[in-house]
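> Task: produce atomic coordinates for the following.
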Amino acid sequence: MTSDLRDRFEDMGRKLAEKPHLLRLGALFSETVLIEIDGNEYYLAFHRGALERVTEGPSRQTPWRFALRTDGEALAKFWEPMPEPTFHDIFGFVKTGRGRIEGDILLLVKNLRFFKEFMALGRQEEATA
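Okay, the predicted model is just below:
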């Protein structure tokens, strides 16, 4: 499952490159973010709003500015095409006790729209009937 998540994050990076409005939102964002899913760590390195690389952890040598920690089931619900209430937003993980946000919260808040929209890029497309 860990390589599946890494592939998902890398796919999100490709989708990000195709979204000029998101690249503008993240133009000043050059940081590493830790995403931890069920204890598996992924370091997402952004440079000027573009996802440069995804590195699997754990690593005590990789510095990160803020972290989103949650469980795989909650993230899967977040990535559904139309998530149910409390799973539609990263702060819903915290509110329901299914996740934590740690580190430089001010940096997250300054780049909140960019980061939330980036995370939403992992949502599956709705099947057209």
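> need the next SSE after the helix or strand hosting L34, C-terminal direction.
In the assignment (DSSP states H and E), L34 maps to strand 32-37. Following strand 32-37 in sequence order, the next helix or strand is strand 40-47 (DSSP H and E).
> what packs against that following strand?
Strand 40-47 sits against helix 2-17, strand 32-37, strand 50-56, with contacts defined as 3 or more CB pairs under 8 Å, 6 or more residues apart in numbering; DSSP states H and E. Yep, even glycine has a C-beta here, placed from its N, CA and C like the rest.
> hey, C-alpha coordinates of it in PDB?
Provided in PDB are the C-alpha atoms of strand 40-47 (Å, rounded to 0.1, in the frame of the first residue of the first chain):
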ATOM      1  CA  ASN A  40       3.900   5.400   7.000                       C
ATOM      2  CA  GLU A  41       5.700   8.700   6.300                       C
ATOM      3  CA  TYR A  42       5.800  10.600   3.000                       C
ATOM      4  CA  TYR A  43       7.900  13.800   2.600                       C
ATOM      5  CA  LEU A  44       6.500  16.000  -0.100                       C
ATOM      6  CA  ALA A  45       9.000  18.600  -1.200                       C
ATOM      7  CA  PHE A  46       7.500  21.600  -2.900                       C
ATOM      8  CA  HIS A  47       9.400  24.300  -4.800                       C
END
